[in-house]
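>>> Following is a predicted model, sequence given first.
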Amino acid sequence: MKRRSLPVAAALAATAALLLTACGSGDDKSSDNDKIAGADTGDAKKSASPNASAEEDAIDRPKMTFPSDFEMVFDRTEPSDTKEAAALNDAENFVRAINHGIVQQNAEDAAYKFYSDAQGNAQTYAKKQIQQYIDGGWTVTGTQRYSGAKVALASGGNRASVSFCDDDSKFYGREIKSKKVLKTKPSDKDYYFFEIVMTTSKESKGLWTAEAVEVQKEATQCKA
């Protein structure tokens, strides 16, 4: 099996409302949930933005390491606004953390909980994606490529909608016991469009956490 098919527990309407709250009258948003997200081969501290503030650098982030046969690639431009950059970087860390839980085979992994808020559907979504892989006896292999990242800050500056495309055409599941790679034929099912509501507060010292997640399946607009 390559793909995870469990839906997010929270209703789509509720998530859409959160996105609208975060972005006001910004870009229209797609919906439909089902998808995990990526990881790279380094730890979260090394993946932080070069524009990150000293406050952000002081955050005691969980270390995330991954096997050499798995990679996540972000093709994007760093936002010039420091809050937008921080929201985007931690949205990426949230999707890394889901894969970290899969690699660790731990549905209670600390990394995804660190990068998500217990409110909304983000934490539930992450746990279900990890649990599905554990139940199937699978891990991840190959490359996930993310592109087209956009960030829209809410008027208060403490909420943001982060969106990006995900190309999984070279990403697969792998059976842990047999090490068999579960390859699939390329199709529109390899493409996803993510929208993540990120939040922060004065007490968080620059950390942004995922509150809500929506994923559009068969996102053909994301094909190169």
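Received it, and whenever you're ready, just let me know what you need.

>>> Let me know the helix or strand that Gln144 is in.
Gln144 belongs to strand 138-153 when assigned by DSSP states H and E.

>>> just Arg61 next, same as before
Using DSSP H and E, no helix or strand contains Arg61.

>>> same for whichever helix or strand comes after the strand holding Gln144, what does it pack against?
With elements assigned by DSSP H and E, the helix or strand that comes after strand 138-153 is strand 159-175. Here strand 159-175 touches helix 12-23, helix 82-104, strand 138-153, strand 181-182, strand 191-199, going by 3 or more C-beta pairs under 8 Å, 6 or more residues apart in numbering; DSSP states H and E. Heads up, the C-betas are built off the backbone N, CA and C, glycines and all.

>>> Would you reformat those as CSV and include mean pLDDT?
Output for those, formatted as CSV (pLDDT from 0 to 100):
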stretch, mean pLDDT
helix 12-23, 51
helix 82-104, 97
strand 138-153, 97
strand 181-182, 96
strand 191-199, 97
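
>>> Those into JSON lines, with extra columns for distance to Ala224?
Putting the helices and strands packed on strand 159-175 into JSON lines (distance: least, C-beta to C-beta, whole Å) gives the following:
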{"stretch": "helix 12-23", "distance to Ala224": "26"}
{"stretch": "helix 82-104", "distance to Ala224": "20"}
{"stretch": "strand 138-153", "distance to Ala224": "8"}
{"stretch": "strand 181-182", "distance to Ala224": "23"}
{"stretch": "strand 191-199", "distance to Ala224": "9"}
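
>>> Any idea which residue is closest to the centre of this structure?
Centroid-nearest residue in the chain: Val95, 2.5 Å away (criterion: C-alpha atoms, centre = their mean).
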